[in-house]
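Peer 1: Generate coordinates for the sequence data below:
(one chain, ligands or ions: 1)
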Amino acid sequence: MEMLSEHVSYILQELPPHVTLVAVTKTRSVELLREAYDLGLRDFGENRVQEMAEKQPLLPSDIRWHQIGHLQTNKVKYIAPFVHLIHSVDSLKLLNEIDRQAARNNRIIDVLLQAYIAMEESKFGLDEQELTEILNVYNQGNLKNVHICGLMGMATFTDSDRIVRNEFAALKTTFEQVKNEFFPDRENFAILSMGMSGDYHIAIEEGSTMVRIGTALFGER
Ligand SMILES: *Cc1c(COP(=O)(O)O)cnc(C)c1O
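Peer 2: Modelled structure (predicted):
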């Protein structure tokens, strides 16, 4: 608890006011999440649907649950009643299903599109053409129960700060392009989710507005 409180205050004092901390709580116990809650954290990120759906009813209802990992279409229904933000939309099929499940729950669900930025082979994320396709469909107005609020990306897992910085800078450029092209008079395309324990300083320097931090708060998993 003392360690956690030190880590929380250390990281919070480092973050500029426009950057939101998502505490990545995957694999952590409900007791530990409760401690984080008692220290004032409200944004929790999980990457597995089942784990999030199990923890959510055991913890206070004002926690904002973030789905940060790859999301299978057939699992959307388990988190649709309560999820606060889905960071990992990587196909139109998934976005359609989120829209459908949000409508069934009388909600509008906020999402980010996961952009492919890493040089390394990665299974998930949209390239620029796929981003454009999804944003065109969205702008036709058919997806009434989802709200695209920004982009998310993960940099290459590498010791090279230069590679990481280039990838984050490229994502920031894409973010601004998308904003200009698809959200010209809307304030609400405003979230750029990038940065984890190992690279959040660089991510913030390159324009992140939301960092997803697990290890630096809670220790090694
Ligand atoms: C696990 C995870 C994180 C947090 O990673 P740490 O290195 O522990 O901070 C951030 N984003 C995603 C998508 C993750 O799966």
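Peer 1: Show me what from the chain comes close to the ligand.
Peer 2: For the chain, the residues in contact with the ligand (Cβ under 6 Å from any ligand atom) are 24, 26, 47, 68-69, 154, 196-198, 212-216. (C-beta placed from N, C-alpha, C; glycine too.)
Peer 1: For these, work out which two are farthest apart.
Peer 2: Greatest spacing in these, by Cβ to Cβ: Gly69 and Ala216 (18.2 Å).
Peer 1: Tell me which helix or strand the one residue sitting closest to the centre of the chain sits in.
Peer 2: Computing the C-alpha centroid of the chain and ranking residues by Cα atoms, centre = their mean puts His87 first, at 3.4 Å. Element membership for His87, per DSSP states H and E: strand 85-89.
Peer 1: Same check on His66?
Peer 2: Secondary structure (DSSP H and E) places His66 in strand 64-67.
Peer 1: try Phe175
Peer 2: With DSSP H and E as criterion, Phe175 is part of helix 161-182.
Peer 1: Same question for Leu192.
Peer 2: Counting by DSSP H and E, Leu192 is part of strand 191-193.
Peer 1: same check, this time on Val211
Peer 2: Counting by DSSP H and E, Val211 is found in strand 210-213.
Peer 1: What are the contacting residues of the next helix or strand after that strand?
Peer 2: Using DSSP H and E, the helix or strand that directly follows strand 210-213 along the chain is helix 215-218. Helix 215-218 is contacted from outside by 4, 7-8, 11, 23-25, 28, 32, 36, 196-198, 200, 221, using Cβ atoms under 8 Å, 6 or more residues apart in numbering.
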